[in-house]
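In: Sharing a model prediction with you, sequence too.
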Amino acid sequence: MARPEDMWQCQTVNCGYIYNPDKGDRKGKIKKGVLFQDLPDEWRCPICGGTKKCFRPLMGEGSTKADCELPVETDPDKLTAAVSAAKVTDQKERDPMQKYVCEICGYVYDPEQGDPDNDIAPGTSFDDLPDDYACPICGAPKDNFVPED
């Protein structure tokens, strides 16, 4: 089990992702056992995209300040694509499938998107997730999720 000084937390507003070397980072293709200091310099927070400078250890030297650099996109084509992808249809027209939030790290399970990395198909309601479902970010069990307000 990783010591608190080996676990690093993102300090960007509304993120709080904790890098745990015991888990690695599936999205960043970082294997279990890789210490934070050994992550590639180009590695980014899988939640908010913050650089390694946005992280600080949970305990020990360096645990009091983070010098964050969030990614800034300037390519107009990419910005247009991001805006298009973020368009939301009228709430009355959308399927009212309830989203659930992990109380540990803030990850939001959205039934409309599912969890493709864990073979959960889009359209799978939270109630239909397997009992052993765990948060894809922090590993918290299903009972650590609450309905989103």
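Out: Good, I have the coordinates.
In: what's the nearest residue to the residue most central in space within the chain if we skip its chain neighbours?
Out: Closest residue to the average C-alpha location of the chain: Ile47 at 3.5 Å, with C-alpha atoms, centre = their mean. Among residues not flanking Ile47 along the chain, Tyr17 sits closest, at 4.4 Å (C-beta to C-beta, 6 or more residues apart in numbering). Glycine gets a C-beta too; all of them are placed from N, C-alpha and C.
In: residues contacting that neighbour?
Out: 9-10, 45-48, 105, 137-138 (C-beta atoms under 8 Å, 6 or more residues apart in numbering).
In: for Ile47, same thing?
Out: Contact partners of Ile47, counting by C-beta under 8 Å, 6+ apart, are 10, 15, 17, 105-107, 137.
In: what pairs with Gln9 across the strands?
Out: As for beta bridges, Gln9 partners with Ile18, Arg56 under DSSP bridges.
In: how close does it get to Asp143?
Out: 23 Å (C-beta to C-beta, to the nearest Å).
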